[in-house]
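**Student:** my questions concern the predicted model and sequence given below.
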Amino acid sequence: MKKIIVPLLVIVITVSLLLFSGCNSNNETETTTAAPTTQKIPGKYAGSKYLGSWYNADANETFVCTLNDNGTAVFKEDKNATWTETATGITITSTADGAKSTMEGYFVIAGEGYVARATEANMHYLDEGGTLQLEIMLTENTCVDCVKK
């Protein structure tokens, strides 16, 4: 009789553990939902050297523009400006006083007594104390040289 009770108890305990191991005390089923992804998808200009905030080179505190990687821009007071990268630089489109204006921009190297458009041939000016600046042509005859902050 003792020989039968011990194996019977082992079988009953094993069966009860298998049957009740997945039970939940409050009878609610657990569901898991994946957290929403907050990863920012890079814009079409994500690797551009023009990205960032640019300030007037003559008065470093004077804000000129911010160029975002998705092609949007903030140009002076216009928060709805846009920009595109071109073969020779950038084009900024902005609205001022109700009129839409388009401005061209490109890199220049500025140093003591000179400003030259940045090309492969004159990049040595950077080693000689020049600074790389973004020159934005506001009109045909006026421009602003900008430094990045």
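**Tutor:** Right, received. Where do you want to start?
**Student:** which residue sits closest to residue 115, ignoring its sequence neighbours?
**Tutor:** Once flanking residues are discounted, residue 115 sits nearest to residue 108: 5.3 Å by CB to CB, 6 or more residues apart in numbering. C-beta: built from backbone N, CA, C; applies to glycine.
**Student:** tell me the buried residues in the helix or strand hosting the one you found?
**Tutor:** Following DSSP states H and E, the helix or strand that holds residue 108 is strand 99-111. Burial within strand 99-111, assessed by neighbour count using 16 or more other CB atoms under 10 Å, is assigned to 103, 105, 106, 108, 109, 110.
**Student:** nearest to residue 122 among those?
**Tutor:** If you rank the buried residues of strand 99-111 by distance to residue 122 using CB to CB, residue 109 comes first, at 6.2 Å.
**Student:** what about the closest one, distance to residue 119?
**Tutor:** In this structure, residue 109 and residue 119 are 9 Å apart, going by CB to CB, to the nearest Å.
**Student:** and what of residue 131?
**Tutor:** Spatial separation of residue 131 from residue 119 under the definition CB to CB is 16 Å.
**Student:** between the buried residues of strand 99-111, which is closest to residue 45?
**Tutor:** Sorting those by how near they are to residue 45, with CB to CB, puts residue 105 at the top with 13.2 Å.
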